[in-house]
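K.L.:
Model the structure of this input:
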Amino acid sequence: MSQINTDINEARRDMAAIFRWVVREGMHEGIANHFSCAVSDDGQTFLINPYGIHFSKLKASDLLLVDAHELSDEARARVDPTAWSIHGAMHRNNPQAGCIVHLHTHYATALSVLESPELPAVDQTTARFHNRIAIDSGFGGMGVGDEAERLSRLLGNKMMMMMGNHGFLTVGPTPALAFDLAYHFERGCRTYITALSTGRALSVLGDDVAEKTARQWESYDDANEQHLAAIRAVLDEEEPDYRH
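P.N.:
As a prediction, the model looks like this:
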C-alpha cells in the first residue's frame, strides 16, 4: 500500500461519526451503502466499511484499510465487491474523491427514478448544487468492473453524482465536506419532491441567482468542518463508543 499521509485514527473517527449520524437522519439502509476515505499520499489506500455491520453500531476500529488496485484475501472476505469496485475506481481515477459517501436516501432515490432526475434550484439549499451534479442515466447493474469505471469517468471533476435508478454519491477532500454535501442534497431533494407533490407551479431561481448562491455556499470554508465537529460533540456525549 502507499505511504499513509494523514492522521488515520482521526480519519477513522470522522468516518465512524458520519455513519452513526446518517442513522439518526434516517438516511441509511441498515448494512447497505458504503463510505470510504483515502489516507495515503496518492489516494490509493483508503478506509471503507466492512459488509455486515449496521451503521448504528459501526466504530472507528471496524473500518478496513484497503488498496484501490487489489484486495487482499482477508479484505475480499469482508468487503462488499460492488463497494470496492465503485470506490476503488473513484479513488484511482478522481483526485478530488478523498472521501466518498454513497447513499440510497428516500428523496434522492425517488428523484433518481424520474425520467429527468435533475434537481432544479428552487431554494437556497437546492441552489448549492446548481450545475454541479454529474447526471448518470445509464444504469448498467450493481457497479462491478466496467460499470464502476464508467461511473468514475462520468463523475469527472465534479463533487457529486445523481446515479439514475440507483441513488447518489458525493465526494470531497474530507469526510466533513462529503457528508455535508450528502446531508444537504437529501434535504434539497426532500424540498423539491414535496413541492412537486402539491401539483402547483414551481418558482425556479434564475441561472444567475442560482450560480451566485452556489458560489456563496462554496465560500463558507469551515462550515463543513464545524458541522462535523458539532455532530461529534453530540456523539461524544451520547454514543462515545463510535471513537473506539
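K.L.:
Now do the same contact list for whatever residue is furthest in space from the centre of the chain.
P.N.:
Distance from the C-alpha centroid of the chain, by C-alpha atoms, centre = their mean, peaks at residue 200 (31.4 Å). By C-beta atoms under 8 Å, 6 or more residues apart in numbering, the contact list for residue 200 is empty. From N, CA and C alone the C-beta is placed, and that goes for glycine too.
K.L.:
now the one 4 residues further on
P.N.:
Shown here is residue 204, whose contacts under the criterion C-beta under 8 Å, 6+ apart are 120, 121, 122.
K.L.:
What distance do you get for the last one to residue 204?
P.N.:
By that I understand residue 122. 6 Å (C-beta to C-beta, to the nearest Å).
K.L.:
Can you tell me the centre-most residue of the chain?
P.N.:
Centre of the chain computed as the mean C-alpha position; nearest residue by C-alpha atoms, centre = their mean is residue 101, 2.0 Å away.
K.L.:
what's the weakest-modelled helix or strand in this protein?
P.N.:
Lowest mean confidence among the helices and strands of the chain (mean pLDDT, DSSP states H and E): helix 73-76, at a mean of 82.
K.L.:
following it, which helix or strand comes up?
P.N.:
Remark: after helix 73-76, the chain's next helix or strand is helix 81-93, criterion DSSP states H and E.
K.L.:
Sheet-wise, list the partners of the next helix or strand after that following helix with their directions.
P.N.:
Next helix or strand after helix 81-93 toward the C-terminus (DSSP H and E): strand 99-103. Its sheet considered, strand 99-103 pairs with strand 34-38 (antiparallel), strand 167-172 (antiparallel) by DSSP bridges.
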